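Colleague: pasting a predicted model and its sequence here:
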Amino acid sequence: MDPSTVIIILATHLLCSGGLYYLISRDMPPRSGLVHWAAGGVLFGVAYLARLFVEKHIATPWTVATDSAMVLAVLLFVAGLRQFTGRSAGRWPLLAGAIGAYATAHLAVTLQWGGIGRHVLLNGTLGLVYLVLAAEGLRTRYLQKGRLRSPLLVLTVLMGLLSLLTLARAVHVLWQGLDVLYAGLFAQLFYGYASLAAVMLALNLVWLVFVRLNSQLIELASRDALTRLLNRNGLDELVMRHFAARDARPITLLQIDIEGFEARARGVRAMLPHVD
């Protein structure tokens, strides 16, 4: 397939994915991370499309903008993952400083080594940021419990392989020159896997959102909203899972009826916002 066609398909998918994340984010809490994913997907897609109208071997303001946009897009995915799992997404001045440093390095390397230097820097930087995203996924997986671990493992594998391929592409360009960017077996392998990774990453992020929402629904259905204790549904499920095990042991159930507990608890809860 023609490289331009592959890039257009890849860019279109990234733009659609970014739009989907934005629509989902409108019904999610403000710090869900989806806004960062939406911005990253749209920015990456626009950067890919812009590269079709930019000279591939000459340093121009457009090449600095498009290459910096790609790096920023992956950093936004990293920030979104951190925010999705309850951590700080990072400070915007630090992000702006990192992009400014990359743009400065881009100009210096391109002036010194031309198009080869530009693409080696771009692919090397993207490969390292992909590796950071994979490491964040792996680190988060060990911190999380339950069903989020599976999509986080898929995220780690996807981005880890993409990181290795992108770093290998930087070495390949340094060794063979610009002709291997869009021609040859390695170029076909790279763009084929990049397209697959983009599709799988979009589905994987939606999977993460689904698991998070499903876990919250299970929590609401099985625990009392006021005391966070198991309700009738939660207790029934716990007992069934206990006796479904092969080595299930006898259990003792103690039931205590506290007179007026619910009314008293609601009264205390109503008073809490007014307590200094």
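Modeller: Yep, it's here.

Colleague: in this protein, which helix has the most residues?
Modeller: Longest helix of the chain, by residue count under DSSP state H: helix 92-143.

Colleague: show me what it is packed up against.
Modeller: Packing partners of helix 92-143 (3 or more C-beta pairs under 8 Å, 6 or more residues apart in numbering; DSSP states H and E): helix 61-84, helix 149-176. C-beta coordinates here come from the backbone N, C-alpha and C atoms, glycine included.

Colleague: ok and the last one relative to helix 92-143, angle-wise?
Modeller: For helix 149-176 and helix 92-143, the angle between their directions (axes from the mean of the first three to the mean of the last three C-alpha atoms, to 10 degrees) works out to 120 degrees.

Colleague: average pLDDT across helix 149-176?
Modeller: If you average the pLDDT over helix 149-176, you get 94.

Colleague: for stretch 83-94, list every residue counted as buried.
Modeller: For stretch 83-94, a neighbour-count test (16 or more other C-beta atoms under 10 Å) marks Q83, F84, T85, A89, G90 as buried.

Colleague: what's the answer for stretch 12-28, then?
Modeller: Neighbour-count burial for stretch 12-28 flags H13, L14, L15, S17, G18, L20, Y21, Y22, I24, S25, M28 (criterion: 16+ other C-beta under 10 Å).

Colleague: export those to a markdown table and tack on distance to T156, secondary structure and pLDDT?
Modeller: Shown next, in a markdown table, are the buried residues of stretch 12-28 (distance: C-beta to C-beta, whole Å; DSSP: H, G, I helix; E, B strand; the rest coil; pLDDT from 0 to 100):
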| residue | distance to T156 | secondary structure | pLDDT |
| --- | --- | --- | --- |
| H13 | 21 | helix | 89 |
| L14 | 20 | helix | 90 |
| L15 | 25 | helix | 93 |
| S17 | 19 | helix | 91 |
| G18 | 22 | helix | 92 |
| L20 | 22 | helix | 91 |
| Y21 | 20 | helix | 91 |
| Y22 | 25 | helix | 92 |
| I24 | 22 | helix | 90 |
| S25 | 23 | helix | 89 |
| M28 | 23 | coil | 84 |
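
Colleague: rewinding a little: so of the helices and strands packed on helix 92-143, which one's packed in deepest?
Modeller: helix 61-84 (a mean of 21; mean count of other C-beta atoms under 10 Å).

Colleague: how far does that helix sit from its chain's centre?
Modeller: A distance of 12 Å separates the centroid of the chain from that of helix 61-84, by C-alpha atoms, centre = their mean, to the nearest Å.
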